[in-house]
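In: task: produce atomic coordinates for the following.
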Amino acid sequence: MPHTLAAPATAELLLRKSRFIACVQPVPDRAAAQAIVAALRAEHPGATHVCWALMAGGQSAAVDDGEPGGTAGRPMLEVLRHHDLEGVLATVVRYFGGVKLGAGGLVRAYTDSVAQALQQAQVVPLQRLRALCCAVPYAFEGAVRRELAAAQAALGEVTHGTLVELRFDVAETGAAELMRRIDDLAQGRAAWR
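Out: Residues are numbered from 1 along each chain as shown. Okay, here's the model as predicted:
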């Protein structure tokens, strides 16, 4: 079962005068990853390289950013793959210290940086979400909201018309049970869309 990260985690490695600042973090897609990398470049204008690797299904990527081909992005991606992670971005900002590390040294530095950051991270199982929408009479809105919070559903748009329409995302494994509880709670008057 694939996993993701609960929150970003960082680590720093000093190797032969070069400084490697690694960060691993959950990201939804490649566009979000590229925005984070752009922000890192702006935050570290004196850095020699900002290498990154993304495990995100069909949007995965490995970028060496000027390091010799295959010495940064690909090894970082392999660390993520080895840990069975999905929806995770690994970045390493490198400040060159004046001593060349060679291809093997670079591979070790980038993999060790990402591995150390992962040791600081909280890994959580990746759950598929199911988007649901139900409409209930106003009298049941508060109870449905409490039920959604108890099920750790992410409440989205709420529309107030003749009925209260609630859109939310919930873990696919608990969706059927949540729907049954809301049906019982609303005394059979919940309309699913």
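
In: quick one: the closest residue to F140 other than its chain neighbours from Q122, how far?
Out: Of all residues not flanking F140 in the chain, A186 sits nearest, at 4.6 Å (Cβ to Cβ, 6 or more residues apart in numbering). Glycine gets a C-beta too; all of them are placed from N, C-alpha and C. Distance of A186 to Q122, given as Cβ to Cβ, to the nearest Å: 36 Å.

In: more neighbours: which of those two?
Out: When neighbours are counted by other Cβ atoms under 10 Å, A186 and Q122 differ, and A186 comes out ahead with 20 against 9.

In: show the contacting residues for that one.
Out: With contact set as Cβ atoms under 8 Å, 6 or more residues apart in numbering, A186 has these partners: 136-137, 140, 143-144.

In: among those, which lie within helices?
Out: Using DSSP state H, the subset of these located in helices is 143-144.

In: contacts only, for the residue most central in space within the chain.
Out: Centroid-nearest residue in the chain: P26, 1.8 Å away (criterion: Cα atoms, centre = their mean). P26 sits next to 4-8, 87-89 when contact means Cβ under 8 Å, 6+ apart.

In: pull out the buried members of the residues you listed.
Out: 4-5, 8, 87-89 (16 or more other Cβ atoms under 10 Å).

In: in this structure, which spans are strands?
Out: Applying DSSP state E to the chain gives strands spanning 3-5, 9-15, 18-26, 49-55, 61-63, 88-95, 123-125, 129-136, 154-160, 164-171, 191-192.

In: in a markdown table: those, plus mean pLDDT and distance to V114.
Out: Below are these laid out as a markdown table (pLDDT from 0 to 100; distance: least, Cβ to Cβ, whole Å):
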| stretch | mean pLDDT | distance to V114 |
| --- | --- | --- |
| strand 3-5 | 85 | 12 |
| strand 9-15 | 90 | 8 |
| strand 18-26 | 93 | 5 |
| strand 49-55 | 93 | 8 |
| strand 61-63 | 89 | 12 |
| strand 88-95 | 93 | 5 |
| strand 123-125 | 82 | 14 |
| strand 129-136 | 90 | 27 |
| strand 154-160 | 90 | 29 |
| strand 164-171 | 91 | 28 |
| strand 191-192 | 90 | 43 |
